[in-house]
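1. Show me the folded form of this:
(chains A and B)
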Amino acid sequence: EAEVAQSPRYKITEKSQAVAFWCDPISGHATLYWYRQILGQGPELLVQFQDESVVDDSQLPKDRFSAERLKGVDSTLKIQPAELGDSAMYLCASSLVGWDRQETQYFGPGTRLLVL
Amino acid sequence: AQSVTQLGSHVSVSEGALVLLRCNYSSSVPPYLFWYVQYPNQGLQLLLKYTSAATLVKGINGFEAEFKKSETSFHLTKPSAHMSDAAEYFCAVSDMDTGNQFYFGTGTSLTVIP
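-> Below is the predicted model of the structure:
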């Protein structure tokens, strides 16, 4: 069964350092999402891609976060510089069709980030 | 605006007892509703979804949920809890007004007591 892949699974970094997370969605899925999940809370959308284009990045802290999906397949989320409050689980999800359809989102295993 | 409220951040049941996890939603148009389960340090796994077909939805692992428009609810149930059901459960809503953006509740942690 196809799955969303994410790496690394765990990342420990010091504040002010740069970190990057990678996501490979299910093959053929046009829409890709990055979520942040703070411990004890539900996931919150950071950015949504339709193919290589950003559909929604209104909740992305653009002063330090960036995301790209250059070829419309895999994606990278970067934080520079990392802050203590960025410690969270970063989840990637993908869905088959476009953003204007109610399609199931399939989630990867997540990257657990700890900023010291 | 779309939102989800999960009543009870922690629920404990005995093994073999009924599981009931509550979810109420707010949406200005017909919603699509989802339940996901999350095991420690893992991603979210889809349990079931409601997309305006049958109001009673059956999912994996013996779970089911009933969409009640009059109550704006989508509660998750399982007749008999198993130890392996212990996890975090999230309800999510989306609708045509939000594209395919999901709004998640804050989650309910289910503990199963042997």
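2. Tell me the spacing between the residue nearest to B:Lys78 when sequence neighbours are not counted and A:Ser95.
-> In space, and not counting its chain neighbours, B:Lys78 is closest to B:Val19: 4.1 Å by C-beta to C-beta, 6 or more residues apart in numbering or on different chains. Any C-beta I mention is one placed from the backbone N, CA and C, and that applies to glycine too. Using C-beta to C-beta, to the nearest Å, B:Val19 is found at 28 Å from A:Ser95.
3. same deal with A:Ser27?
-> 13 Å.
4. what bridges to whichever residue of chain B sits closest to chain A?
-> Chain A sits closest to B:Phe104 of chain B, with a gap of 3.3 Å, by C-beta to the nearest C-beta. Beta bridges link B:Phe104 to B:Ala92, judged by DSSP bridges.
5. Report the spatially nearest residue to A:Ser16, omitting neighbours in sequence.
-> A:Ser16 sits nearest to A:Pro81 (C-beta to C-beta, 6+ apart), 4.2 Å away.
6. Does that neighbour touch A:Pro61 like I think?
-> No - applying C-beta atoms under 8 Å as the test, A:Pro81 and A:Pro61 come out as separate, 11.6 Å apart.
7. Tell me where chain A has strands.
-> Listed in chain order, the strands of chain A (DSSP state E) span A:5-7, A:10-13, A:19-24, A:31-37, A:44-50, A:53-56, A:65-68, A:75-79, A:88-95, A:106-107, A:111-115.
8. do you know which of the ones you listed lies nearest B:Ser12?
-> strand A:31-37 (22.9 Å; C-beta to C-beta).
9. just checking, what packs against the closest one?
-> Applying 3 or more C-beta pairs under 8 Å, 6 or more residues apart in numbering or on different chains; DSSP states H and E, we find strand A:31-37 packed against strand A:44-50, strand A:75-79, strand A:88-95.
10. Centre-most residue in chain A?
-> Computing the C-alpha centroid of chain A and ranking residues by C-alpha atoms, centre = their mean puts A:Trp34 first, at 2.7 Å.
11. Give me the distance from the helix-or-strand element of chain A with minimal mean pLDDT to the chain's centre.
-> When the helices and strands of chain A are scored by mean pLDDT, DSSP states H and E, strand A:53-56 comes last with a mean of 91. Its chain's average C-alpha position is 13 Å from that of strand A:53-56, according to C-alpha atoms, centre = their mean, to the nearest Å.
12. residues contacting A:Ala41?
-> Careful, residue A:41 is Gln and not Ala. B:Thr106, B:Gly107 (C-beta atoms under 8 Å, 6 or more residues apart in numbering or on different chains).
13. what's the closest non-adjacent residue to the residue in chain A positioned nearest to chain B?
-> In chain A, the residue that lies nearest chain B is A:Gly42 (3.3 Å; C-beta to the nearest C-beta). Computed as C-beta to C-beta, 6+ apart, the closest residue to A:Gly42 that is not its neighbour in sequence is B:Phe104, at 3.3 Å.
14. Can you give me the pLDDT of the residue nearest to B:Lys78?
-> B:Val19 carries a pLDDT value of 97.
15. what does chain B have sitting close to chain A?
-> B:4, B:9, B:32, B:34, B:36, B:41-46, B:49, B:51, B:90, B:92, B:94-96, B:99-102, B:104-107 (C-beta under 8 Å from any C-beta of the partner chain).
16. what's around the residue nearest to B:Lys78, how many residues?
-> 19 (other C-beta atoms under 10 Å in any protein chain shown).
17. Tell me which residues touch it, please.
-> Per C-beta under 8 Å, 6+ apart, neighbours of B:Val19: B:Val11, B:Val13, B:Phe63, B:Leu76, B:Thr77, B:Lys78, B:Ala81, B:Asp85, B:Leu110.
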